[in-house]
Every structure is written in structure tokens, then in C-alpha cells.
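S.K.: here are the coordinates; sequence isn't available:
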């Protein structure tokens, strides 16, 4: 009997459940948003205007000048050297202590620098991401692993060292003060939090001896560097010192 | 014995009555009598990435495309033609142009208010200004941020988002919920802090069931920032669609996938779930036109007209 009552309740519930709407047809379109499909809405244009003006003001600040276009390249190029040296200098200032070297993610350099005026906008185009500058303390053997990881594919962008690359292996590594790389010694490396946290398959860096955040965006470091360069009155020349060479 | 026999007779009688009610229910409950088909238009964007202005005319592939002011005109045109329109975004509103670096997302959100967005979900880059900035900027939105699988309980975002929302358009109940991607390894810990990521399949199953049953939704939409498809078993919109039930449409993002038309994926109940994504940067606006009828047989796997 109980069974019947339960069944009855179910039937009545089903009957009283509103049937609702059913989908009987569906079509789709992908509408391209361009000057052919639509003109700009004037009220939205007006709304954006002050933001755009502010943007233009802050992005058009001329930081310094370049005597020629400064380009990135493999295994080494003027922009690689310029940016990694800038990063090392600014990281040392911020850290307040010596730092052995700097590393930049080759793929994270998103544009070249123009000849002539280098503006805030130029730096945003080179480095659009909000990556933080961190200082990793690494044992020499892990630093060797880092150098090899990026040397493999000729994407080693570094400041503060010179090295030769053979079949994706970095060797003859020499620091600015003439020291050579020793597996058991400790070294400090300024780099992007993206890489330090294992980005670009560099997961082994999570086992670094120490990780310190400078609370300083890489882009802000570059902006500070180029602004400072502008104050010296000396234009930037695109020079690669061949710190990374293949053999 | 007699009691039992009597109960059985009563039961059969009641069953008969129930069957009659069942057969006539749609019109009885509709009250105003039979209604004709109702059209609902869903418009959507994903990964707009602070691209408020069109791409600059620099000879690049996307030169001159996109722009929020043009998107406003298009949406306005469609709203004039269609009575029932819903407008959604599938995440990564922020980051990608200096607008975000300078204004932290304010013009993006205020522009979306102007365009009349009905809801959005949270993408990984929406964390780029930090979780405090999300509180500030989402606080300016006139539309809800829907996210069902991020538990913000121990963060400043607690209570600032909703798992889902039900929209009612001419009696059609549309349930919309949001799903976000796994933050670990993708978003700096400093940015997402104590946000707890919950399994998207489990959350989608319970949320969609709740929308379908308790909330009596006729149509269930998932705004997802999981990504369209990956090599391997990584959760994506295509995996999600196949492993769940009660979802009718997944509006996706994250992978910047340009689908010419929605892709139909068979779900656990054998129903064809639509998965769509329209690239990035506001280059495209997705448009889906749905027709509903009361008490009609639901649409199943037959081929559907698709205008690319």
C-alpha cells in the first residue's frame, strides 16, 4: 500500500510540474565587428574620450632616444642585451645588494624598440605583461640547469654573464667579476616571477634555495631605466656585445 | 483486504485524473491560453582583453577590427530588432592594452554597463590587478559576475559574485552560471590568494541540476573560462559538455578560439549541447537566436541550420 501512495505522489507531482518552454529551433551567427558592420556609437566614443586622452598623455611621454631601431634576436642581439642589462641595474638598485645576473624570457619580449623617440608606449609594447621582478638564489648546478633550459632553442637572454652555447648546453660561463660557475656555490638571479614560478616549463626553479619578490614590475623597472637614460642626454645605440655565442 | 482493494481503486481513479491533468497542463497553467513561439537572442563576447579601441592600423592581421563603440552600435541595432536579448561575457575582460595598466579595468567595466551586459564570468587575467582591484572594479558593474566553482569565502571577494542567475524573458526561464579555470600555475598566488578552486564538472552537475529543477529553468547556459579544447584529459568546454547533463549552451573563452559556428557535443543524456567561442579582443560578437514553444517536444540531435 505504501508503495502505491509513493507512486501516486510521484504521478501527481509529474502532472503538476509546469511543462515550461522547449527549445524548438536554434541558429547562430558570428558577427565581425569592424567599420563595415557598424559605425562607432557616439555616446560610447564620448565616454571613452577622457580615458583615451589620459592614455595618450601617459603613453606619449618621451623617455629617451635611439640612434637606430633596436631589435631582439637569437642567440644574441642588441635588444636582448639592453633589456637584460637594464633589468640587472634596476634590480640591484631595488634590492640594495649585489645580484649576480639577470634573466629575461625571450618570448616575453613582445616588440622591438623604434628609432628615434622611445616613449612609455614603446616600453608597454615591448613588455605588456605585469610580471614581477623576483630574485632567486640558486645553487650553481641549478643555475647551469636554467642556462641549459633556455640555451636549448637559443633563447638565452641574460645580463651579468658571458657564455658559449654548444648543442643547447651553456659552458665557459663567466660572471662580470671574472668568476666562473661552480656547482656548489650560491648565485642570485633577477628574473620574471612567471619563469621563477615554473612558467615556460621551468618547474625545476620551484626548488630554488630562496625566492624574494621585489614588488617591482619588470615593465616599471624598464620605464625607470629608460627615463634615467634620457636624463643623461646620451641616445641609445643598438649594440650587441656577443655575450652569448654559439660554438 | 477490503481496505487494500479500495485503495487500489482510488489510486487508479486518481491516476486517471492525474493523466487528464497531465495532458492538459500546459494550457491550464499558461492561464492566458496557448502562446506562440517566443524568440530569445543571446549575444556574447569573450577575452576582450581591454581592447576598447579597434586594433591600430599597423598592417597587422587584426588592424582596424573590434572596438567597444562599434560593438555598442551592433548590439543596439539587434536590440531594436529583437524583443528579448541577453548579453554575456565569458571572462578576461581585463589586461592586454595600456588602458588596463593605467585605469585598472574601470573603462572596461563602465563600457560594459553602457552596452547593457546581463552577466559575465571571471577569467584568469581578471585577477591581474589583484583581488582587491576585482572588488573595486566589479563593484562598478551594473551586471553580476557569475562564478560557481571559485570559493571566495576567505577572500575580499566574498559575497561580491554569484554562482548563477535566472533571467526571465516573456516567461522563459534562462539559468546562467559561470565556471573559472584552475588558478594554480596560471595566476600568481598573490593575486588569487585564498580563492578555492572547485572541480568544474562536479559544480556544473549540481548547479545545472539546481537550475533545471529547483529554479525550473527552460534553458541553462554556462559561461566558461575553461578553454575550448586541449590535448589530453584537461578539463575544457568540450570535456565538460560530454561529462554533464542539464546544460544547453556553453559560452566559452580563454583559448581565444575562433569557431565559425557553435559545435554540438553530446552530453550524458544524449542531448546536443552547443559550445561556442568567438575569438578574442572583441573582433567578433556571437549571436544565437533561440525559438521556444510551450509544451513542444524538445529539440534533439537533428541537424540545425547554422549561419556562419
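M.R.: Nice, thanks for sending it over. Note that the coordinates shown come from a computational prediction; the quantities given were computed from them, not determined experimentally.
S.K.: so what's the residue nearest to residue A:187 when sequence neighbours are not counted scoring on pLDDT?
M.R.: Nearest non-adjacent residue to residue A:187, counting by CB to CB, 6 or more residues apart in numbering or on different chains: residue A:100, 4.5 Å away. In this view, the C-beta of every residue, glycine as well, is placed from N, C-alpha and C. pLDDT, residue A:100: 98.
S.K.: Enumerate every residue touching residue A:100.
M.R.: By CB atoms under 8 Å, 6 or more residues apart in numbering or on different chains, the contact set of residue A:100 is A:160, A:161, A:175, A:187, A:188, A:189.
S.K.: same check, this time on residue B:288
M.R.: Applying CB under 8 Å, 6+ apart, the residues near residue B:288 are A:26, A:27, A:28, A:29, B:41, B:42, B:43, B:44, B:249, B:262, B:274, B:276.
S.K.: quick one: residue B:146 and residue B:121 touch, right?
M.R.: Yes. With contact defined as CB atoms under 8 Å, residue B:146 and residue B:121 form a contacting pair (5.5 Å).
S.K.: What is the neighbour count of residue B:134?
M.R.: 26 (other CB atoms under 10 Å in any protein chain shown).
S.K.: Now do the phi/psi pair for it.
M.R.: phi -60, psi -40 (degrees, to the nearest 10).
S.K.: separation between it and chain A?
M.R.: Applying CB to the nearest CB, to the nearest Å, the value for residue B:134 to chain A is 14 Å.
S.K.: Quick check: pLDDT value at the nearest residue to that residue once chain neighbours are set aside.
M.R.: In space, and not counting its chain neighbours, residue B:134 is closest to residue B:157: 5.9 Å by CB to CB, 6+ apart. Residue B:157 is assigned 98 on the pLDDT scale.
S.K.: pretty sure residue B:157 is in a strand, no?
M.R.: No. Counting by DSSP: H, G, I helix; E, B strand; the rest coil, residue B:157 is located in no strand; its state is coil.
S.K.: That one: how many residues sit nearby?
M.R.: 23.
S.K.: Now do the contacts for it.
M.R.: Taking CB under 8 Å, 6+ apart, one finds B:131, B:134, B:135, B:138, B:195 in contact with residue B:157.
S.K.: just to revisit the earlier point, ok, and the most crowded of the contacts of residue B:288?
M.R.: Per-residue neighbour counts (other CB under 10 Å) across the contacts of residue B:288 peak at residue B:43, which has 27 neighbours.
S.K.: Can you tell me, leaving aside adjacent residues, what's nearest to it?
M.R.: residue B:87 (4.6 Å).
S.K.: In terms of helices and strands, where is that neighbour?
M.R.: Assigned by DSSP states H and E, residue B:87 belongs to strand B:85-89.
S.K.: Buried ones in that strand, by neighbour count?
M.R.: B:85, B:86, B:87, B:88, B:89 (16 or more other CB atoms under 10 Å in any protein chain shown).
S.K.: wait, what's in contact with the first one?
M.R.: Each residue near residue B:85 by CB under 8 Å, 6+ apart is listed here: B:40, B:41, B:42, B:43, B:75, B:78, B:79.
S.K.: Identify the farthest-apart pair in the residues you listed.
M.R.: Farthest pair in the contacts of residue B:85 (CB to CB) is B:40 and B:75. Separation: 15.1 Å.
S.K.: quick one, helices of chain A?
M.R.: A:2-16, A:42-59, A:78-95, A:120-126, A:140-151, A:193-196, A:218-232 (DSSP state H).
S.K.: For the ones you listed, give me a markdown table that also has mean pLDDT and mean neighbour count.
M.R.: Below are the helices of chain A laid out as a markdown table (pLDDT from 0 to 100; neighbours: other CB atoms under 10 Å in any protein chain shown):
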| stretch | mean pLDDT | mean neighbour count |
| --- | --- | --- |
| helix A:2-16 | 40 | 12 |
| helix A:42-59 | 95 | 15 |
| helix A:78-95 | 98 | 22 |
| helix A:120-126 | 89 | 21 |
| helix A:140-151 | 97 | 20 |
| helix A:193-196 | 91 | 22 |
| helix A:218-232 | 97 | 19 |
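S.K.: In CSV: these, plus distance to residue A:240.
M.R.: Formatted as CSV, the helices of chain A follow (distance: least, CB to CB, whole Å):
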stretch, distance to residue A:240
helix A:2-16, 77
helix A:42-59, 28
helix A:78-95, 5
helix A:120-126, 16
helix A:140-151, 17
helix A:193-196, 22
helix A:218-232, 17
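S.K.: would you turn these into JSON lines with distance to chain B?
M.R.: Putting the helices of chain A into JSON lines (distance: least, CB to the nearest CB, whole Å) gives the following:
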{"stretch": "helix A:2-16", "distance to chain B": "4"}
{"stretch": "helix A:42-59", "distance to chain B": "4"}
{"stretch": "helix A:78-95", "distance to chain B": "17"}
{"stretch": "helix A:120-126", "distance to chain B": "5"}
{"stretch": "helix A:140-151", "distance to chain B": "17"}
{"stretch": "helix A:193-196", "distance to chain B": "6"}
{"stretch": "helix A:218-232", "distance to chain B": "8"}
